[in-house]
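Visitor: quick one, what's the 3D model for this:
(chains A and B)
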Amino acid sequence: MEMNSVSLKSRVSNVEYIKKRGKDLFIFSKQIVVLDVRGLYHMKKELEKGVEKSDEMLYEAGRLSLMEIHESLVASLGDAAVTILSDRESALDMLVDALNNLGLGEISVLEFKPAIKFAVKHSAGAQDYVNRKEMSRHPVCYALAGMFAGVCEKLLQSPVICKETRCIACGNNACEFIMNTKKG
Amino acid sequence: MVSIEKGLVVVAGERSVLIPPTFITALQDMVMKEKGEEWRKIFYEAGKKALEEIAPTYKMLLMIPRNSEISKKKIIDGVVEIWSWMSCGRPEVTKMDFKRNKFTYRLYDSVIAKPYIGRGQTMCDYFSGVIAGGFGSLLGAELNCREIKCIANGDEFCEFEIEGV
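Guide: Numbering: from 1, shown residues only, chains lettered A, B, ... in the order given. The predicted structure follows:
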């Protein structure tokens, strides 16, 4: 189990997850772009103004984008991917290590069983609410929830739903997310 | 320009996230499906508002002296240099007319437009908003930005026309 973890770590560029080619940035060979947190906030706000189910759209966009990162990781591992990712708990730890380079906030895994739970300090999806002293009655990190769902779905090879249960935009100290298996 | 610590990414003095462009294009696609052409305004406004708020950080970063023709050119050069670090494509300003506040901005290999190559439309409305908000706030003028060429429309690069409202 430990070996898997070590080999995954060494296979993904000695834990330098973000690579530069010229001025472009990549993670596991997948190009990533810089989106300022204010852009994320305003995108959410503009969508809320006139788009139905904008929260679901943010979730889905997050899910698809992180599934792509996972696919790039698998491609970069090559034939070893199956073995390395078979220890799902260690693989998740490593993936979280990688995700902590994306500026989404300080992510940690609170629980793996019976359900995967994540905690995020200073969530990029909600920090602007805090900065603006804008209290929300419900959690706001839909994009992050979708991102976690994308990662877990690929890792567990089964559809999941991620729900944010605590959020700094609601006055909690950190954001928390729980993953449930999608039924039906 | 880019600083990455655990959980926190700061680019040009602003907290940022690093995400695949799919996040923006998938979102665009979903909004387009529901709202038709209105998607353009939504993304334009989001980009514009974000950059209007970020402009003071850029001003500090660029250490811009008080208004003058030279400093306006410095502003534009400075902001283009900052945007070249956004991993969104290679930006360049090809025309600057400060008297009439008219500019032409080019973006090579726009990451937003790339997935839409062959679509026959301009697709970088988020960037249009970013440019209008960024240039406008830094130059102290209300500007409008329109994408006139796009790689999604078969052009060699994406090109934006910026002018005073």
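Visitor: helix, strand or coil for B:Ile76?
Guide: helix (DSSP: H, G, I helix; E, B strand; the rest coil).
Visitor: do the top helix by length along chain A and chain B meet?
Guide: Among the segments of chain A that qualify as a helix by DSSP state H, the longest is helix A:54-77. Yes - part of helix A:54-77 sits close enough to chain B to count as contact by Cβ under 8 Å from any Cβ of the partner chain, namely A:Met57, A:Leu58, A:Glu60, A:Ala61, A:Gly62, A:Leu64, A:Ser65, A:Leu66, A:Glu68, A:Ile69. From N, CA and C alone the C-beta is placed, and that goes for glycine too.
Visitor: any chance of those in JSON lines, with distance to A:Lys44, pLDDT and neighbour count too?
Guide: Listed next are the residues of helix A:54-77 next to chain B as JSON lines, based on distance: Cβ to Cβ, whole Å; pLDDT from 0 to 100; neighbours: other Cβ atoms under 10 Å in any protein chain shown:
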{"residue": "A:Met57", "distance to A:Lys44": "10", "pLDDT": "98", "neighbour count": "24"}
{"residue": "A:Leu58", "distance to A:Lys44": "6", "pLDDT": "98", "neighbour count": "29"}
{"residue": "A:Glu60", "distance to A:Lys44": "14", "pLDDT": "98", "neighbour count": "20"}
{"residue": "A:Ala61", "distance to A:Lys44": "11", "pLDDT": "98", "neighbour count": "28"}
{"residue": "A:Gly62", "distance to A:Lys44": "11", "pLDDT": "98", "neighbour count": "29"}
{"residue": "A:Leu64", "distance to A:Lys44": "17", "pLDDT": "97", "neighbour count": "20"}
{"residue": "A:Ser65", "distance to A:Lys44": "15", "pLDDT": "96", "neighbour count": "24"}
{"residue": "A:Leu66", "distance to A:Lys44": "17", "pLDDT": "95", "neighbour count": "29"}
{"residue": "A:Glu68", "distance to A:Lys44": "21", "pLDDT": "94", "neighbour count": "23"}
{"residue": "A:Ile69", "distance to A:Lys44": "21", "pLDDT": "93", "neighbour count": "25"}
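Visitor: next structured bit after the lowest-mean-pLDDT helix or strand in chain A?
Guide: Comparing every helix and strand of chain A by mean pLDDT, DSSP states H and E singles out helix A:2-11 as the least confident one, with a mean of 46. Counting by DSSP states H and E, the next helix or strand C-terminal to helix A:2-11 is strand A:18-21.
Visitor: what pLDDT is listed against the residue located most distally from the centre of chain A?
Guide: When distances to the mean C-alpha position of chain A are computed (Cα atoms, centre = their mean), the maximum falls on A:Gly50, with 26.3 Å. As summarised for this prediction, A:Gly50 has a pLDDT of 87.
Visitor: re earlier: adding distance to A:Leu25, write the residues of helix A:54-77 next to chain B out as JSON lines.
Guide: Below are the residues of helix A:54-77 next to chain B laid out as JSON lines (distance: Cβ to Cβ, whole Å):
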{"residue": "A:Met57", "distance to A:Leu25": "25"}
{"residue": "A:Leu58", "distance to A:Leu25": "22"}
{"residue": "A:Glu60", "distance to A:Leu25": "23"}
{"residue": "A:Ala61", "distance to A:Leu25": "19"}
{"residue": "A:Gly62", "distance to A:Leu25": "18"}
{"residue": "A:Leu64", "distance to A:Leu25": "19"}
{"residue": "A:Ser65", "distance to A:Leu25": "14"}
{"residue": "A:Leu66", "distance to A:Leu25": "16"}
{"residue": "A:Glu68", "distance to A:Leu25": "14"}
{"residue": "A:Ile69", "distance to A:Leu25": "12"}
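Visitor: where are the low-confidence patches of chain A?
Guide: For chain A, residues meeting the criterion pLDDT under 70 lie at A:1-15, A:184.
Visitor: what ranges do the helices span in it?
Guide: Under the criterion DSSP H, helices of chain A are mapped to A:2-11, A:37-50, A:54-77, A:81-86, A:88-99, A:127-131, A:142-156.
Visitor: most tightly packed of those?
Guide: Mean neighbour count, computed with mean count of other Cβ atoms under 10 Å in any protein chain shown, is highest for helix A:142-156 among those, reaching a mean of 25.
Visitor: chain center to it: distance?
Guide: If you compare the mean C-alpha spot of helix A:142-156 with that of the full chain, they lie 6 Å apart, counting by Cα atoms, centre = their mean, to the nearest Å.
Visitor: name the helices or strands packed onto that helix?
Guide: Under the contact criterion of 3 or more Cβ pairs under 8 Å, 6 or more residues apart in numbering or on different chains; DSSP states H and E, the helices and strands touching helix A:142-156 comprise helix A:37-50, helix A:54-77, helix A:88-99, strand A:160-166, strand A:175-181.
Visitor: these: which one's closest to B:Gly7?
Guide: helix A:88-99 (8.8 Å; Cβ to Cβ).
Visitor: is chain B within reach of the closest one?
Guide: No - Helix A:88-99 stays out of contact with chain B when judged by Cβ under 8 Å from any Cβ, the minimum separation being 8.8 Å.
Visitor: tell me the buried residues in the top helix by length along chain B?
Guide: The helix that spans the most residues within chain B, counting by DSSP H, is helix B:39-62. Along helix B:39-62, the positions that meet the burial threshold by neighbour count (16 or more other Cβ atoms under 10 Å in any protein chain shown) are B:39-40, B:42-55, B:58, B:61-62.
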